[in-house]
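>>> Could you work out the structure for the sequence below:
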Amino acid sequence: MISVQYCLTMARYNAWQNKMMKAVLESMDDVALHADRGAFFGSIWATANHVLWADRMWMSRFEGKVPPTGGIAGSVTMTPTLPVWGAERFRTDAHVILWAEQLHALDLVGDLRWHSGALGRDVSKPVALCIAHMFNHQAHHRGQIHAMVTAAGHEAWVSDVFVMPEAGPWL
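As a prediction, the model looks like this:
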């Protein structure tokens, strides 16, 4: 389904996108970041926090570590300020890249089992599908942020994968 190279490419793409998104968010004031824009999580800010939380949730599942607290409802307030979010986003993106750099083909085989708070039950799905979902989830919500930024009158970043620099900078 997916390869180790896919995982590494998408981890780098995610970090590159978040770096450019952060620069745009830093040009916006708090009112614009927190305004309810009708997206699933309401605001740019809430959505950015949710994506950070979800990335940490998926990584905790892949690595068998303690998940972030708060659940989906609390995910939207994971960090209190843009500078804190930026630092946590940077750390998480670096972590995802390091994880992807250490993957082997066998790590992409088999099932991942976890208790889904969203579904309220235990779930078992192919690990490769779950990894693909993590990267898709990032792109989905970052796309929502992209649209909200544009609707707020700011110029958004380029999001095409083929435009990504091959040698970085991702972080």
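>>> So what does residue 164 look like in phi/psi?
phi -60, psi 130 (degrees, to the nearest 10).
>>> for it, what are its contacts?
12, 13, 16 (CB atoms under 8 Å, 6 or more residues apart in numbering). Heads up, the C-betas are built off the backbone N, CA and C, glycines and all.
>>> pLDDT at the first one, what is it?
Think residue 12. We have a pLDDT of 97 for residue 12.
>>> any idea how far residue 34 is from it?
30 Å (CB to CB, to the nearest Å).
>>> who's more crowded, those two?
It is residue 12, of residue 12 and residue 34, that has more neighbours when counted by other CB atoms under 10 Å, with 23 against 14.
>>> Could you find the closest non-adjacent residue to that one?
Residue nearest to residue 12 in three dimensions, not counting chain neighbours: residue 170, with 4.5 Å by CB to CB, 6 or more residues apart in numbering.
>>> in the protein, which spans are strands?
Per DSSP state E, the chain carries strands over the ranges 111-116, 121-126.
>>> tell me the mean pLDDT over the last one?
Averaging the model's pLDDT scores along strand 121-126 yields 97.
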